Structures are given as C-alpha cells and as structure tokens.
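Chemist: model this:
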Amino acid sequence: MGGGGAETTPAAGTHSTAGAALGGEAGGAGAPGETIAGCELLYEAGHGDLFVDFSAKIGLSLAVRSAFPPADKETLVALGRVCVVVPHASLELAASFGGRPEGAQFDFIGVPPGASFWLLPAVAERGMPLFGASTERLPPSQYEGDELELSLSPLEVPEGANVACWTTDALGKSAPLFSSEQGRLKQRFSTGVHMHFNWSFSHEGTYRLAFEAKGKRVPSGAEESSGAATLRFEVRP
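Modeler: Numbers count the residues shown, from 1 in each chain. So this is what the prediction gives:
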C-alpha cells in the first residue's frame, strides 16, 4: 500500500454525484442507537465532512464535522472520538447496481468486475453517512497555489481489504482520489472547497485510516502540517 499515483485537483465548489454506474435511491436503515466498543461517537447517517480547520495560532488541523446524536446541529470533533459506521445496506446498494462495473477504469476499487462491495455514495442515502471533505475555512492566499495535500494512510484494515474514494462527473466518468489498491494515497485539494465523493470498502471489519493535511505557507514556502489523525470506520456484515 505504498504512496504515489496521479493526482488531480478538485475545483472549488465541486459537489460530485455517484453517476449512472454507481448511485441510486435510498438503502435500508442501519441499527439506530447501537454501541461499538471503543467508539465514543458514532457517525451512522446524514451529512458529514473530513473538515480541514485553520487558526492563526496553530495553522492546520483536522476534525469530523457532523451532527452526532443526541445533538441536532453539526459540530467539530476530533477524529479519534468518532467511528464512521458503514451499514449492511451499503453492500446491498452496490449489489443493486451489479457490483463493480466492468472496465479497467474501475480497478482502483480493488475488487473484481461484478463483485459487490460496501458503497457510501456521494449522494444522500437513507441510513448511511454522506461523508465528504471541506477546506471551506482555509483563507485565500494563505497556502501556495491555494491548495493543500491530503493524505490517507491505512493503519489497520481487514486482511486483503482495499478502500477507495472517487468522484463521478455528469457524464458518468469516474476519477479516483484515493485507492489503497493502486497506492494512490495523496491528493491535492483547492482551498474553499466543500465536496462529497464515493467511498468503497472491499471487506467487512474495522478500518483505521490516518489522515494528514499539508500546505506550503505564503510567502515563506515553509511546509505546515495538521499532523496525522486516525479515523475509524466500522464496515458491517
């Protein structure tokens, strides 16, 4: 699972959809109110973001932005406090589209053509997280090119498992952002972006993914990092 791979820069204001190949109507709800050992807060459904925060004192930092029960409004919490629950309905959703589409352009998902997988789409589905990313709070002209690099490092995954993220344009063309299968673990994002993308998980079980944001400050060119923070995903059978 080494680093590398081609990079693209999602444009500001991008809000991606799952497209014709992978996307659709609501899946079944999960088990509301469940508890998972070691998880303080469960992100089970609704809007959420990997939020890149900024302050003049500490620079870059990472948080999860969502509304966690019993609260009814979104808040920022540390990644280590959160478990993202990927429900069984997400497996059924991918199966309803025929599993992984044919074509080498979908190899980044890390399962064979026709095989099913757990899919969190870039459109709202009942009973599933709608998990994206946000650089909205980063001020303009603070980082070179008004960009930063976001990296994903799989620290713990089920044996043989792969995780991927991608966007799909209006014509149904998919563009991978992250893929452990292909070693695509770094991606550049523009500042001022709020976007949602598709997530795939090839196996059930626990995934611990470390995220880190980096940018070069203007005008010094000094690299600034949020430091690595780990977010846990629980993929349900």
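Chemist: going forward, measure contacts between C-alpha atoms and count neighbours the same way
Modeler: Will do.
Chemist: so what are the sheet partners of the longest strand seen in the chain and their directions?
Modeler: Counting by DSSP state E, the longest strand found in the chain is strand 205-216. Sheet pairing of strand 205-216 (DSSP bridges) gives strand 147-156 (antiparallel), strand 223-225 (antiparallel), strand 229-235 (antiparallel).
Chemist: in the second one, which residues are buried?
Modeler: Neighbour-count burial for strand 223-225, counted by 16 or more other C-alpha atoms under 10 Å, picks out 224-225.
Chemist: averaged pLDDT, it. What do you get?
Modeler: Confidence over strand 223-225, taken as the mean pLDDT, stands at 97.
Chemist: can you tell me the closest non-neighbouring residue to residue 82?
Modeler: residue 41 (4.8 Å; C-alpha to C-alpha, 6 or more residues apart in numbering).
Chemist: tell me how many other residues crowd that neighbour.
Modeler: 17 (other C-alpha atoms under 10 Å).
Chemist: now do residue 158
Modeler: By the criterion of other C-alpha under 10 Å, residue 158 has 15 neighbours.
Chemist: test my guess that it contacts residue 201.
Modeler: No: using C-alpha atoms under 8 Å, residue 158 is not in contact with residue 201; the gap is 10.0 Å.
Chemist: beyond the helix or strand where residue 119 lies, next helix or strand please.
Modeler: Following DSSP states H and E, one finds residue 119 within strand 118-120. Next helix or strand after strand 118-120 toward the C-terminus (DSSP H and E): strand 129-134.
Chemist: against which helices or strands is that next one packed?
Modeler: With contacts defined as 3 or more C-alpha pairs under 8 Å, 6 or more residues apart in numbering; DSSP states H and E, strand 129-134 has these neighbours: strand 46-55, strand 82-86, strand 118-120, strand 194-196.
Chemist: among the ones you listed, which comes closest to residue 147?
Modeler: Nearest to residue 147 among the helices and strands packed on strand 129-134 is strand 46-55 (11.9 Å), distances taken as C-alpha to C-alpha.
Chemist: quick one, that closest one and strand 82-86 angle?
Modeler: 150 degrees (axes from the mean of the first three to the mean of the last three C-alpha atoms, to 10 degrees).
Chemist: related to what we said a few turns ago, adjacent strands (with direction) for the strand holding residue 119?
Modeler: Applying DSSP bridges, one finds strand 118-120 paired with strand 198-201 (antiparallel).
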